[in-house]
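In: The sequence and its predicted three-dimensional model are supplied below.
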Amino acid sequence: ETGVTQSPTHLIKTRGQQVTLRCSSQSGHNTVSWYQQALGQGPQFIFQYYREEENGRGNFPPRFSGLQFPNYSSELNVNALELDDSALYLCASSLAEGSSYNEQFFGPGTRLTVL
Amino acid sequence: RKEVEQDPGPFNVPEGATVAFNCTYSNSASQSFFWYRQDCRKEPKLLMSVYSSGNEDGRFTAQLNRASQYISLLIRDSKLSDSATYLCVVKNYGGSQGNLIFGKGTKLSVKP
């Protein structure tokens, strides 16, 4: 069973650029959540995808968008990058079954630096 | 006010010490509670869930007080390998709150 993987591991961009981060969920998982972790802070929920639809969103502007594919992998897109977008972006996958909670497993993250 | 607040830390303790972390949450409707561990420059990993009756896993004991909206983690006989950041996490249900809400984390350094 493979765990959650993310790519790339590190990325450097300049203000105003766009970035796409990728996540492959753990085998058997159908739900992907994205989090942003700024230095010295806890992760903050960006949004969650379930069966290719956005299924909840945190307090992030529309320039943060995402996709989930039929194989349950996911992308996070950020447009018009700002300096404050510099952070570790974490993807977590889980298996949603009715209303029960199942553990979210995190990937190693993508460290984004915006100059 | 942050939804989940933790002791600021850092905690620097000798090996063998007992250390306690505290956490408060503001949403009385919160339904699930966890402690995660995050090593430097790594992803968070679930340490343990926290139940109203309190629960223990080896050297780790977690407690939940719903009336006070307070969560704690006790680590006994600290090991060097316990050095990490400990994140208090709450999960609400329904709508856009169906995901993990993390505290800022408390850094623990266990010294020889």
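Out: It's in.

In: Quick one: low-confidence residue ranges for the chain.
Out: I went with chain A, as the question did not name one. A:1-2, A:97-101 (pLDDT under 70).

In: Not quite, go with chain B.
Out: B:94-98.

In: hmm, try it at 50
Out: Across chain B, the ranges flagged by pLDDT under 50 are B:96-97.

In: can you pull out the strands in it?
Out: B:4-6, B:11-14, B:19-25, B:32-38, B:44-50, B:55-57, B:60-65, B:70-75, B:84-91, B:100-102, B:106-111 (DSSP state E).

In: before we move on, what about chain A?
Out: A:5-7, A:10-13, A:19-24, A:31-37, A:44-50, A:53-57, A:64-68, A:74-78, A:87-94, A:105-106, A:110-114.

In: what about stretch A:34-47 and chain B, touching?
Out: Yes - using C-beta under 8 Å from any C-beta of the partner chain, stretch A:34-47 reaches chain B at A:35, A:40, A:41, A:42, A:43, A:44, A:45. (C-beta placed from N, C-alpha, C; glycine too.)

In: between the residues you listed, which is nearest chain B?
Out: When the residues of stretch A:34-47 next to chain B are compared for distance to chain B (C-beta to the nearest C-beta), residue A:42 wins out at 3.2 Å.

In: start to end distance for stretch A:62-81?
Out: Terminal residues of stretch A:62-81 are spaced 12 Å apart (C-alpha to C-alpha, to the nearest Å).

In: Might you calculate how far it sits from the centre of the chain?
Out: In terms of C-alpha atoms, centre = their mean, to the nearest Å, the centre of stretch A:62-81 is found 7 Å from the chain centre.

In: Is it in proximity to chain B?
Out: No - Stretch A:62-81 does not reach chain B (C-beta under 8 Å from any C-beta); its nearest approach is 13.5 Å.

In: Quickly list what whichever residue of chain B sits closest to chain A is bridged to.
Out: Per C-beta to the nearest C-beta, residue B:102 is where chain B lies closest to chain A, at 3.2 Å. Beta-bridge pairing for residue B:102 (DSSP bridges): residue B:89.

In: Kind regards, and thank you for your time.
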